[in-house]
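Visitor: no sequence on this one, just coordinates:
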Ligand code: SF4
Ligand code: SF4
């Protein structure tokens with residue numbers, strides 16, 4: 001993979017762009033355990049949480065809802081995550097996803113969405129590998 005051949009720089013600016021959907025992205029993946037962690041953090045009932053924040057795509061697929069304007073339901077008006085400390089691994093590991101670090105072109109293409117890519121210090125390879133493993137688990 002590209003990330004083993006090239007040092008990758010990344011520093012999140014908090015712009016929120018990765019929390020806003022595009023035509024190919026309709027929900028944020030979150031396991032039941034991750035959903036429970038968010039629900040507990042928010043202090044709401046299970047029924048309310050599922051009704052308000054979870055979208056069911058099909059029999060086997062569900063996740064955190066994107067609102068009609070394409071924003072994750074937990075993204076506040078200042079573009080901050082309201083559940084940052086308990087956000088799902090899909091969010092915690094971004095942008096170190098296999099499909100993003102696969103090639104120079106995929107990394108550069110993602111930089112069109114994420115202004116943090118290419119900024120700041122070089123991220124240690126070990127940290128990238130841990131993120132990749134976490135995102136695949
Ligand atoms: S849960 Fe938080 S970090 Fe993840 S997409 Fe939603 S607002 Fe962004
Ligand atoms: S798009 Fe990149 S820089 Fe912006 S909030 Fe997401 S990770 Fe941070």
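Guide: Everything's here; your move. None of the values given here were measured: they were computed from a predicted structure. Ligands and ions are numbered 1, 2, ... in the order given.
Visitor: can you tell me how far the nearest residue to residue 34 once chain neighbours are set aside is from residue 134?
Guide: Leaving aside its sequence neighbours, residue 34 sits nearest to residue 88 (Cβ to Cβ, 6 or more residues apart in numbering; 4.3 Å). All C-beta atoms are positioned from the backbone trio N, CA, C, and that covers glycine. According to Cβ to Cβ, to the nearest Å, residue 88 and residue 134 sit 11 Å apart.
Visitor: if we can go back for a sec, pull the number of nearby residues for the residue nearest to residue 34.
Guide: 19 (other Cβ atoms under 10 Å).
Visitor: what does residue 81 give?
Guide: 16.
Visitor: and if you look at the one 10 residues further on?
Guide: The criterion is other Cβ under 10 Å. On that basis, residue 91 has 20 neighbouring residues.
Visitor: any idea how far it lies from residue 36?
Guide: To residue 36, residue 91 is 16 Å away according to Cβ to Cβ.
Visitor: now residue 60
Guide: Distance check for residue 60 against residue 36: by Cβ to Cβ, it reads 19 Å.
Visitor: tell me which of the two has more neighbours.
Guide: When residue 60 and residue 36 are compared on other Cβ under 10 Å, the one with more neighbours turns out to be residue 36, at 14 against 6.
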